[in-house]
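[1] coordinates only, sequence not included:
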């Protein structure tokens, strides 16, 4: 199955849910409202989902003011930019202060140099009292210079600490922009960057590279039956199973609403199948319980598709073959791992080509 078709179907499903929520609640179909409900449908933003669920539980609807509050709190595109701009402004301000301090120290050094030049001119013709006056002036100028140098040293130390903190803040903002907030896995943006790098490295070194595409079985039915908060718990459970079965060089990401991807550098197809099956077994082995009531909800399963890099691959073509394995696993009963060499997948790929 072509990746474009899969993405088309997936995003249309999210769009239908978003429009359905807007219709059900009688809200205007403004772009802001649609963005909120589309994000809600994907499950990308757990804090937004929780906020909405709590509001709906209280009174069954959302007012215009609550819509504005939710958007500003969770979706405003300026929030991350504002934080980056704020850190940048602080860096610029810190540099300006350092430069002003250096300018002041340079002025003091120039004045001190002029004082020394003046002393050289006066010292030869001075009597005893005059010499004493010259020395006292020189001592005073030296003390002023020392004072300026100490102030500059202290300011530079403080600035070094401040800039180090600002660097940490920038790194935290960057990490946040590349992390899925619900699962704490890498987000789609990070996955795309990691895929491009992994493909380039594999082509350069001729080492194997494999990709897993994973989807939770019957997730929509589970979500509709037990609610979005429990659905979020399922997503976190699967994410935990993925994390526990990947190595440091691997990249695990939340690819879509209930779909996960794992990039496996320096990993052949058989090894990737093993990793996929370990993840599948880890998920199947966990029994789910509804936290609010203690009710046992049974177990969940996942389907996994596996593909390995070929010399002529793009990110899209590699994802497409892994997706083909994933959908073959769905068609063959779910809760299984199927790779691109499976006859059904290979035949589908040839037909698509």
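    Perfect, I can see it now. No experiment lies behind these values; they were computed from the predicted model shown.
[2] low-confidence ranges in the stretch 251-353 of the chain?
    Counting by pLDDT under 70, the stretch 251-353 of the chain contains low-confidence ranges at 291-292, 345-353.
[3] now the helices for the stretch 201-350 of the chain?
    Ranges of helices in the stretch 201-350 of the chain, per DSSP state H, counting those that start in this stretch, are 219-226, 228-243, 269-284, 315-331, 343-352.
[4] ok, so what distance separates the residue nearest to the spatial centre of the chain from residue 313?
    With distances taken as Cα atoms, centre = their mean, residue 178 lies nearest the centre of the chain, 1.6 Å away. Distance of residue 178 to residue 313, computed by Cβ to Cβ, to the nearest Å: 24 Å. (Glycine included, C-beta is placed from N, CA and C.)
[5] How about residue 68?
    Distance from residue 68 to residue 313, by Cβ to Cβ: 45 Å.
[6] More neighbours: those two, which one.
    residue 313 (19 against 11; other Cβ atoms under 10 Å).
[7] Chain neighbours aside, what residue packs nearest to that one?
    residue 199 (6.6 Å; Cβ to Cβ, 6 or more residues apart in numbering).
[8] That neighbour: helix or strand, and which one exactly?
    helix 188-205 (DSSP states H and E).
[9] And the average pLDDT for that helix is what?
    Averaging pLDDT along helix 188-205 yields 93.
[10] how about it: buried residues?
    188, 190, 191, 194, 195, 198, 199, 202 (16 or more other Cβ atoms under 10 Å).
[11] and the fourth one, what does it touch?
    For residue 194, the contacting residues are 186, 251, 253, 263, taking Cβ atoms under 8 Å, 6 or more residues apart in numbering as the criterion.
[12] Go ahead and measure how far stretch 281-291 is from the middle of the chain.
    26 Å (Cα atoms, centre = their mean, to the nearest Å).
[13] What of stretch 10-29?
    27 Å.
[14] Also stretch 228-236?
    Counting by Cα atoms, centre = their mean, stretch 228-236 comes out at 20 Å from the chain centroid.
[15] Only the buried residues of it, if you could.
    Going by 16+ other Cβ under 10 Å, stretch 228-236 has these buried residues: 228, 229, 230, 231, 232, 233, 234, 235.
[16] Can you lay out those as a markdown table showing pLDDT and distance to residue 44?
    Converted to a markdown table, the buried residues of stretch 228-236 look like this (pLDDT from 0 to 100; distance: Cβ to Cβ, whole Å):
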| residue | pLDDT | distance to residue 44 |
| --- | --- | --- |
| 228 | 78 | 12 |
| 229 | 78 | 15 |
| 230 | 82 | 17 |
| 231 | 84 | 12 |
| 232 | 85 | 11 |
| 233 | 86 | 16 |
| 234 | 90 | 15 |
| 235 | 91 | 10 |
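[17] looking at the helices of the stretch 201-350 of the chain, which is closest to residue 303?
    Residue 303 lies closest to helix 315-331 among these, at 3.8 Å (Cβ to Cβ).
[18] who are the neighbours of that closest one, in terms of helices and strands?
    Contact analysis of helix 315-331 by 3 or more Cβ pairs under 8 Å, 6 or more residues apart in numbering; DSSP states H and E lists helix 3-25, helix 188-205, strand 209-216, strand 302-308, strand 337-339, helix 343-352 as its packing neighbours.
[19] Can you give the strand pairings for the fifth one, parallel or anti for each?
    Strand 337-339 has its sheet partners listed here by DSSP bridges as strand 302-308 (parallel).
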